[in-house]
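Asker: Sequence below, structure please.
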Amino acid sequence: MHEGLLKMMEFGDAFISLLGGFSTLEEIFQIVSLAQLNIHKKPIGVLKVNEFFDSLLSFIDHVVEQKCITQSARQILISASTAEELINKLQAFHFELDPGTSQLKWPIGSSQK
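Answerer: Sure, this is the predicted structure:
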């Protein structure tokens with residue numbers, strides 16, 4: 001795992017993604033995957049500046065419709081069109097482990113916050 005993500009997991013209260021390329025997309029999916037595996041329980045949000053993430057979110061919804069991702073796993077990734085709305089959603093987020101995923105406890109620093 002990238003050292004920057006480890007630091008964010010250890011010290012951050014949430015993850016927020018803004019516009020970006022392949023590295024940004026990789027980090028979004030990696031941090032969502034880590035949440036799905038119960039490695040962390042922090043909220044993950046994308047800020048839809050100028051509808052930047054709309055197509056990606058539509059694709060993820062399509063993957064849910066195809067039953068490749070559960071609806072409960074889909075709820076891990078939060079999105080909003082304004083910073084204020086995203087912060088409110090992140091603060092209201094309550095992590096619920098997808099019953100279809102691993103129940104293992106992963107020892108990665110203090111990331112179980």
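Asker: switch to C-alpha atoms for all contacts and neighbour counts from now on
Answerer: Fine.
Asker: got the CA positions of the lengthiest helix in the chain in CSV?
Answerer: As assigned by DSSP state H, the longest helix anywhere in the chain is helix 22-36. Written as CSV, here are the backbone C-alpha positions of helix 22-36 (Å, rounded to 0.1, in the frame of the first residue of the first chain):
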residue,chain,number,x,y,z
PHE,A,22,-5.6,7.4,-13.1
SER,A,23,-3.7,7.8,-9.8
THR,A,24,-6.8,9.4,-8.2
LEU,A,25,-9.1,6.7,-9.5
GLU,A,26,-6.7,4.0,-8.2
GLU,A,27,-6.6,5.6,-4.8
ILE,A,28,-10.4,5.9,-4.7
PHE,A,29,-10.9,2.2,-5.5
GLN,A,30,-8.1,1.1,-3.2
ILE,A,31,-9.5,3.0,-0.2
VAL,A,32,-13.0,1.8,-1.0
SER,A,33,-11.7,-1.8,-1.2
LEU,A,34,-9.9,-1.4,2.1
ALA,A,35,-13.2,-0.2,3.7
GLN,A,36,-15.1,-3.1,2.2
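Asker: Give me the helices and strands touching it, please.
Answerer: Using 3 or more CA pairs under 8 Å, 6 or more residues apart in numbering; DSSP states H and E, no helix or strand is in contact with helix 22-36.
Asker: Buried residues in it, which are they?
Answerer: 27-28, 31-32, 35-36 (16 or more other CA atoms under 10 Å).
Asker: quick one: contacts of it?
Answerer: Applying CA atoms under 8 Å, 6 or more residues apart in numbering, the contact partners of helix 22-36 are 5, 17, 40-42, 44, 73, 76-77, 97-98, 101.
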